[in-house]
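Novice: Fold the following for me, if possible:
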Amino acid sequence: MKLQMTTAETPSFHYLLLFREDYREEIAEHLKASPTVDDVFGFALLNKFTLAEYRVQPTKIDLENGQGTVDIEVDFEEPWNQTKANNWWLAKDLLFYLYENFENYKFM
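Specialist: Sure thing, here's the model as predicted:
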């Protein structure tokens, strides 16, 4: 019930930025707070239609006290500014990169 009140800005739910807004409540109910990259990737693989189509970038990929964490931000700029392309990824591409390199890290 309380997960229905979460948003992509809620701490431990920033991973919802990887998904389309109309699916976020359902995804939060399924993945809960601070899921691993592996959990989010697995969900996205089975539900590709829910992935966002805007650009995201990791703002933190860190290992503290043996626990890896990942955080992301979104760029809603239209049209896309190509000068920023090196740091920004399509949601599906970033998720694949994180899965390949940081699958056990948790989203903040």
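Novice: what element comes up after the longest helix anywhere in the chain heading to the C-terminus?
Specialist: Counting residues, the longest helix in the chain under DSSP state H turns out to be helix 91-102. Scanning forward in sequence from helix 91-102 by DSSP states H and E, the next helix or strand is strand 106-107.
Novice: which outside residues touch that next one?
Specialist: Outside strand 106-107, the residues within contact range by C-beta atoms under 8 Å, 6 or more residues apart in numbering are 12, 14-15, 34-37, 40, 67-72. Quick note: C-beta positions are derived from backbone N, CA and C, even for glycine.
Novice: do the same with stretch 91-102
Specialist: Contacting residues not belonging to stretch 91-102 are listed as 17-19, 37-38, 40-41, 44, 48, 51-58, 61, 68, 70, 72, 89, 105 [C-beta under 8 Å, 6+ apart].
Novice: Filter those residues down to the buried ones and hand me the PyMOL line.
Specialist: Buried members of the contacts of stretch 91-102 can be picked out in PyMOL with the line below, counting by 16 or more other C-beta atoms under 10 Å:
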select buried, resi 17+18+19+37+40+41+44+51+52+54+55+56+58+70+72+89+105
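Novice: So the spatially most central residue of the chain versus L95, what's the distance?
Specialist: Nearest to the mean C-alpha position of the chain, by C-alpha atoms, centre = their mean, lies Y15 at 3.1 Å. Applying C-beta to C-beta, to the nearest Å, the value for Y15 to L95 is 9 Å.
Novice: any common contacting residues for these two?
Specialist: Taking C-beta under 8 Å, 6+ apart as the contact rule, Y15 and L95 both touch V40.
Novice: List the residues that contact V56.
Specialist: 17-18, 72-75, 88-91, 94.
Novice: Next step: these restricted to helices.
Specialist: Those of the contacts of V56 lying in helices (DSSP H): 91, 94.
Novice: In TSV, list the contacts of V56 along with distance to E25 and pLDDT.
Specialist: Formatted as TSV, these follow (distance: C-beta to C-beta, whole Å; pLDDT from 0 to 100):
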residue	distance to E25	pLDDT
L17	14	94
L18	15	95
I72	19	90
E73	21	88
V74	18	87
D75	23	74
W88	26	86
W89	24	89
L90	23	89
A91	18	91
L94	22	92
